[in-house]
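*Asks:* A structural model of the following input is requested.
(chains A and B)
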Amino acid sequence: MGADGEKDRQAPPLKGRLLARLAVLIVRHAALVSFVCCVAGIVSLMLLPVLAKSVYVDENALLPGSARATFSHYDTLKAHDLAREIQTLLSSSTDPQKDFRKWLGDRLDALGADYYFHRFCPPTRSFSILGFLSTSHTYEAGKHCLVDGREQTPGVNAVGILRAHQGDGNEAIVLVTPFELENLTAENAIAMGLSLSLLDLLSRALWLAKDVVWVAADSKYEKYTAVAAWLKEYHEPLVSDSSFEGMHYTQDGNSSRDIFFKRAGSITAGFVLEFTRGAGATKVSSLEIHAEGSNGQMPNMDMISVVNLLVSWRQQFHLTLEGVPRIKDWQWLRSVGYVFEIVGKKAAELRKAFLSHAKASFTTAEDYVNGVSVLLRSCWNQMLGVPTGSHGAFRDFQLDAVTLEVVSTDLEHNMDFLTNFGRLIEGVLRSVNNLLEKFHQSLFLYIMVSPNKFVSISTYIIPFGLLLSNFPIQAAALCTSVKATPGSWTRAILVVILVETWSLGNAICPAILFHLFSSAPTRLAVWILLSGLCLAPVFCLRSDAHASDDWYVPLKSLTLGLTGIALGILSAVNFSVALAGALLLVPMCLSAQPFSSSWRALWKPKSGVISRVNAVLAPALTCFPLLVVLTILARESAGEVGNCLITVKNFSLPSYVFCRSRRTRRSSTASKCPTSIKPVVRSPPAFTLAAKRRPPPNEDWRLGPGMYHPRLGPTGPAFSLSAKGTPNLDLEKMWMLERSRHPSPRGNWTPRRFLLSEVTPGPGTYSLPNKNSGPAFTVASKRTTKHDTDAPGPGTYFYSARPQSPSFTMANRFPPSRTCNPGPRTVYGDFYNTPGPAQYNPDRGKHIAGRSGPAFTMTGKWHRGPDSGLPGPGTYFPPQNNTFGQDIRCQHGRKLRSR
Amino acid sequence: MVLQGRRSLALWGGMTLAAIARLLLLMSGASARLSRSVEIATPVTSLVRLEEGFWLKKLGLSPYAGSVYHGSPLLLEIIGPLGANSPILFLLSDFATALLIILIGKRLSAARDHYTHWNIGITHSMLFLTGETLDIGEIAALLYLFNPFTVFVCVGGSTSSFESFVVCLALYASLEGNAPLAAFAWVMASHFAMYPLVLLIPVTSRTFDLATHILCVFFLKIASALCCGPDKPRSKIFRLKSSESLKSSTNVQWQKLWSFILWSAVWSSCVLGLCNRILRHDGGLGEMLRETYGFILTVKDLTPNIGVYWYFFTEVFDFYRSFFLMVFHGNIFCMIAPLSICFYHRPIFLSFILMAVVSTLKSYPSVGDAALYLGLMGLFTHELSDFKYAFLLLNSYICVAALGPVMFNLWIWRGTGNANFYFATALAYAFVQTILIVESVNSMLRFERGLKLTIKTTLSSSKKDN
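*Replies:* Alright, predicted model coming up:
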């Protein structure tokens, strides 16, 4: 970059086609272009709250607010009564656990709900080197849990299932109420009371078409863990002996059916209700929505927009999103907001002048500052990758959920508020109840700005793209500026591979440290130390020619290319991390150059202004991110800063450019900055590219609802082309994927020794023996055939294996006919060569029958019956253009295909 | 001496490092994760399916029952009993491939020296870059071993590394002039994966003068690397300087071709007989061909992969299916003739290009195919020295390789993406490969043009001197 000024003057005139000329022009003025891109990127980032769109309900079937809510003051009173009952029960009882469970069971029984208690333990982490590639948590509960080396009682979720009057039991909506029995607050009790009262209402509701599952999540070990454990058991039943132990364990006092896990179809959506006491003396009650799941995943935006629509429609309370409060005091941000406000006003006036019907709207400074605060908090939550509540557990199973948190100071006396909240929940449930297919419409990639504004990916990708475009431009400029010798590229590639491997090791470090050290500060210290050591080999790489550019240019352009790719791909996974990475890395990568040459540029009398500025700015800019990171680290508590594996990897990318160009010790501190992020402290593993919701590995994988489809042949489109199938299909997809990847276990599927009539049978009633590498794909081969008996067992009559057997079936004569009525595409395998339904071609019949019957009749066909006035058989002609008939056929076909 | 020491250090150190990297990955249990990835294990090469087929076979059923296994019965007998230890076999086959590539490189550089130095009478330094420590074969071998694609395929339970070995064996044997071995390896490779069938022409590529025998290319006189030896400049160039000594080197050794054909017949009948024996209780050869070649040709399995078939054939109407199958497969076979005419004198380069074409257009591609041709590309570091877009291509390969799993994850596991996301990556991959092929062919043609020009000028200057 430094020599740009000189080069411009002696550059040859542009030649070639327009596109090539444009490219050459951009490359020649790379410094200017990338400066403009940076500035434009940052300005458009600041503009994001202004550019936000209003939320809308995308899925028409939701029909929010189309019916009148029936939740009344009477129900609120009931909720209060229940809450009081709980509190008196807990204060008077000697064994609160047991009594509370009994009370809850009786309550649910009275509502006509199925109920059971689900016991779980917080996950124990087992050590594996590449743990983040294959770990799956188990929440299996024995008599006791081992938490941090101590024995503790397992958590117990109470679950009630309200079977819908009109439903077929295939779909369910989940309501979650976290509670903590040990120190039950008044708010918590009211939340329980309200949920029970809502359930009471729903048990009487005639419109209910989906089952409602209420989970009282025992948040003894974090709210997230409780819900995650329940969801995991729901989808991947646990089959082991300890469940029998568990049964004996809770048999005291309760009937044994309380422990059986019951299910209700595939989950459509989940809502988590939380009540917390507001800070301060403000009497205003408000409702907060939390939506960020693990790894920055967001639920379907309709979840938020339905709540927002219902709230704003009734105008009864205040919907807020969590923000960063400190930001509101920043005067400079406010003044930026004023600038945008003034510009916005002018633009609105102009638009009004030219387009008479245009709505003149602009963002006020206050809105702007609030928007920035919410946006930043949202980005921060996404970046940490730690779910903001128990709704995060749903997202791990591809389900959508939000937390609705009521913040209030005196709920006991705020009847109206509670009633309105109850109505809101009822309305939301009713909307979801209206859904006909899987929740898929709407957006998944967005950031909220305010409860009724969001920034979608199409908007926020623009500033990010502008920032990112610096990398290829600079790389191209570097590549063309210096004619590198071939050897230098090989060296550069080697160095990059080496450093990448080191940074990968560095990134895996936290996963290993997690098991070796227990306390967070030790982990942090050891990690920082190791990160420092990791950079040591990079320092050892000495370059042959310090002064010339030929070792430095390929290295830098490779690094730029890699960093650009990494950030671009990361933006598809977790945008916030990618954005933060881009903001940190763009100045670092662009200004990085050998100190020697930049110092020379500073002192050389002839060098241009840009190179001089650059020489000063480079060290300053590279130190800046370090300072930012350090300040953030200093301010935030140890538990908060999380797991940014890939970020860390990215951070360590550019560092070696400095390391190699080091002349002073100063740069060595700069190169450490990227790695000084805190180690993983909280639960979910960092940003692995692997699936979050991951069927467990080989030895203990289990079945879940919809997973027990016996057809395992992998032929045919096992993947629907969109994510739009029914949830059952999706599960099957996973199941088939999983199944096809694991050499499966032989075996006998031994039935569980349960009284099946007592339980929702569920797929989990069959257990699968472990550790085997038999085939996974056929139904036929599941049982081991004994060859010593003469009688062929089931599965031995594979027809092509017995060519001598009578072969007068249609299957052997003809390949599946495809000319007429093409059957499902799935039946190609030999095993399925028998014609499926709708594959029968009457024309072929005569070949089989040996052309026996006459093909033409002389007599006329019987046409109409006698005029009795009543229709006889065959008189009914369905209209030819009946779409109904086509529909049926169509659906039939699809069903077959999805087998 | 120092140079020699550094060279062997680089080679053997590199090989050890590659082995260590593979063993580390194997021990860390990455194979369970990798074998699930659609980029690595295809329905034809997946080791999991092979185990499945082996299990069925042990039960007395046909290994092809249930449309699970689609490989060769021989592989079943070789790899099946190994069970969980089979990655070791793949590791060994990776290193055997690397050794073969080194040997191929030795032959190529020897031939290059021969033609440039001794025969045509121009000095080495005029044409080629000098001063590197490693031989081209060694560079190519290290490239092959350190390619992440190769490593992942080796660790991730896919039989492609075995197939690469057989293909390299065929190329090497044909360069050595060993007709029986070449025939054996070619038959085995085609038996395992079908697509190496297209390597018939490179393996047996001719050195005849093109103009006089243009028709024969297609029909009869498919002479061979067997007959003519390794890559060399066009024979037209030799004619510029009509030296008697060159006549011998451009001659076709016909008996080698015949012996190749004979041996191919012998070996293929052996292989088919063996397969028939293995499958004698179950469907015999007919079923085997249906389930291997037939399966590859009819694209029955539409599991997503990095190829371009699956998306199209899930969408296409059934009655157009066979037509489009022909169109898609025809693409590969259309390429063979023009490329063979263009590069008949450079069998190894031709096979590199053909392998890249096959990898782009085959029905169940995996990154293992890319691993092989990218490795072979290292053999042409001199010829392709003015390769354009190298930096761009490098970055695109990295980008596509990382984007594929991410898009798959978004689609299948997170549910926030859809099939188009993944197919876009597959298209990008095909595009990148196409650029690689086109640019390789272009720079090879440029190289030949330069060669011709150099020889002409040397000749005219020497005439002037005379």
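
*Asks:* count of residues packed around residue 140?
*Replies:* Using chain A. 21 (other CB atoms under 10 Å in any protein chain shown). Quick note: C-beta positions are derived from backbone N, CA and C, even for glycine.

*Asks:* wait, chain B
*Replies:* Applying other CB under 10 Å, we find 25 other residues in the vicinity of B:Ala140.

*Asks:* try the one 10 residues further on
*Replies:* Under the neighbour criterion other CB under 10 Å, B:Thr150 is assigned a count of 28.

*Asks:* same question, A:Glu366
*Replies:* The tally of other residues near A:Glu366 (other CB under 10 Å) stands at 12.

*Asks:* ok, it - contacts?
*Replies:* Contacts for A:Glu366 were tallied using CB atoms under 8 Å, 6 or more residues apart in numbering or on different chains; they are A:Gly337.

*Asks:* can you give me the buried ones in the regular element (helix or strand) spanning it?
*Replies:* Using DSSP states H and E, A:Glu366 sits within helix A:365-384. Of all the residues in helix A:365-384, those buried under the rule 16 or more other CB atoms under 10 Å in any protein chain shown are A:365, A:367-384.

*Asks:* and if you look at stretch B:59-77?
*Replies:* Within stretch B:59-77, the residues that qualify as buried are B:59, B:61-73, B:75-76, counting by 16+ other CB under 10 Å.

*Asks:* which of the residues you listed fall within strands?
*Replies:* For those, not one is inside strands, with DSSP state E as the criterion.

*Asks:* how about the residues of the stretch 251-400 of chain A by chain B?
*Replies:* Counting by CB under 8 Å from any CB of the partner chain, the residues of the stretch 251-400 of chain A close to chain B are A:297, A:398.

*Asks:* pretty sure A:Ala52 contacts A:Phe454?
*Replies:* Yes. Taking contact to mean CB atoms under 8 Å, the distance of 6.1 Å between A:Ala52 and A:Phe454 places them in contact.

*Asks:* near chain A, which residues of the stretch 201-350 of chain B?
*Replies:* Taking CB under 8 Å from any CB as the test, the list of the stretch 201-350 of chain B residues beside chain A reads B:281-283, B:287, B:290-291, B:298, B:300-304, B:311, B:314-315, B:318-319, B:321.

*Asks:* restricted to helices, list the residues you listed.
*Replies:* Secondary-structure check on these using DSSP state H: residues within helices are B:287, B:298, B:311, B:314-315, B:318-319, B:321.

*Asks:* and those residues, which is closest to B:Trp413?
*Replies:* When these are ranked by distance to B:Trp413 (CB to CB), B:Tyr311 comes first, at 19.0 Å.

*Asks:* doesn't B:Asn418 make contact with that closest one?
*Replies:* No. With contacts defined as CB under 8 Å, B:Tyr311 does not count as touching B:Asn418, sitting 11.3 Å away.

*Asks:* which of those two has more neighbours?
*Replies:* Per other CB under 10 Å, whichever of B:Tyr311 and B:Asn418 has more neighbours is B:Tyr311, with 21 against 17.

*Asks:* can you give me the pLDDT of the residue lying closest to the more buried one once chain neighbours are set aside?
*Replies:* The spatially closest residue to B:Tyr311, leaving aside those adjacent along the chain, is B:Phe423, at 4.4 Å (CB to CB, 6 or more residues apart in numbering or on different chains). Here, the pLDDT recorded for B:Phe423 equals 93.

*Asks:* and B:Phe423, how many neighbours does it have?
*Replies:* Using other CB under 10 Å, B:Phe423 has 20 neighbouring residues.

*Asks:* equivalent analysis for B:Val438, please.
*Replies:* Look at B:Val438: counted by other CB under 10 Å, it has 12 neighbours.

*Asks:* also A:Val176?
*Replies:* Under the neighbour criterion other CB under 10 Å, A:Val176 is assigned a count of 29.

*Asks:* before we move on, what about A:Val406?
*Replies:* 24.

*Asks:* doesn't it lie inside a helix?
*Replies:* No. The assignment for A:Val406 (DSSP: H, G, I helix; E, B strand; the rest coil) gives strand, which keeps it out of a helix.

*Asks:* show me what it is bridged to.
*Replies:* Beta-bridge partners for A:Val406, by DSSP bridges, are A:Phe275, A:Leu287.

*Asks:* low-scoring stretches of the stretch 501-650 of chain A, by residue?
*Replies:* Applying pLDDT under 70 to the stretch 501-650 of chain A picks out residues A:503, A:506-515, A:517-520, A:531, A:534-551, A:592-650.

*Asks:* quick one on the thing from earlier: the residue nearest to B:Tyr311 sits in which helix or strand?
*Replies:* Secondary structure from DSSP H and E places B:Phe423 in helix B:419-465.

*Asks:* tell me what that helix is packed against?
*Replies:* Helix B:419-465 makes packing contacts with helix B:124-127, helix B:235-240, helix B:309-315, helix B:318-342, helix B:347-361, helix B:390-408 when contacts are defined by 3 or more CB pairs under 8 Å, 6 or more residues apart in numbering or on different chains; DSSP states H and E.

*Asks:* chain center to it: distance?
*Replies:* Relative to the chain's own centre, helix B:419-465 is displaced by 18 Å; criterion: CA atoms, centre = their mean, to the nearest Å.

*Asks:* tell me the angle of it relative to helix B:318-342?
*Replies:* With axes from the mean of the first three to the mean of the last three CA atoms, to 10 degrees defining the directions, helix B:419-465 sits at 20 degrees from helix B:318-342.

*Asks:* any stretches of the stretch 251-400 of chain B with poor pLDDT?
*Replies:* By pLDDT under 70, the weakly predicted segments of the stretch 251-400 of chain B are B:251-254.

*Asks:* A:Glu292 belongs to a strand?
*Replies:* No. Assessed with three-state DSSP, A:Glu292 is coil; it does not lie in a strand.

*Asks:* stretch B:337-344: which residues count as buried?
*Replies:* B:339-340, B:342-344.

*Asks:* which one of these sits closest to A:Asn300?
*Replies:* The closest of the buried residues of stretch B:337-344 to A:Asn300 turns out to be B:Leu339 (CB to CB; 50.2 Å).

*Asks:* quick one: the residue lying closest to the closest one once chain neighbours are set aside from chain A, how far?
*Replies:* Of all residues not flanking B:Leu339 in the chain, B:Ile353 sits nearest, at 5.7 Å (CB to CB, 6+ apart). When distance is defined by CB to the nearest CB, to the nearest Å, B:Ile353 is 23 Å away from chain A.

*Asks:* what count of nearby residues applies to B:Ile353?
*Replies:* The burial count assigned to B:Ile353 is 26, neighbours taken as other CB under 10 Å.

*Asks:* OK, contacts around it?
*Replies:* With contacts taken as CB under 8 Å, 6+ apart, B:Ile353 has the following neighbours: B:339, B:343, B:437, B:440-441.

*Asks:* try it again at 10 Å.
*Replies:* B:202, B:335, B:339-340, B:342-343, B:346, B:373, B:376-377, B:436-438, B:440-441, B:444 (CB atoms under 10 Å, 6 or more residues apart in numbering or on different chains).

*Asks:* from these, pick the one nearest chain A.
*Replies:* Using CB to the nearest CB, B:Met377 is the member of the contacts of B:Ile353 that lies nearest chain A, at 14.5 Å.

*Asks:* I'd say the closest one and B:Ser351 touch.
*Replies:* No. Under the criterion of CB atoms under 10 Å, B:Met377 is not in contact with B:Ser351, lying 11.4 Å apart.

*Asks:* out of the two, which sits in the more crowded spot?
*Replies:* Neighbours around B:Met377 and B:Ser351, counted as other CB under 10 Å, are more numerous at B:Ser351. The numbers are 28 against 21.

*Asks:* is it true that the more buried one touches B:Tyr195?
*Replies:* No. Using CB under 10 Å, B:Ser351 makes no contact with B:Tyr195, being 11.6 Å away.

*Asks:* what sits in contact with each of those two?
*Replies:* B:Val167.

*Asks:* let me know the secondary structure of the closest residue to A:Leu62 other than its chain neighbours.
*Replies:* Excluding its sequence neighbours, the residue lying closest to A:Leu62 (CB to CB, 6+ apart) is A:Ser431, at 4.5 Å. With three-state DSSP as the basis, A:Ser431 sits in helix.

*Asks:* brilliant, that's me finished.
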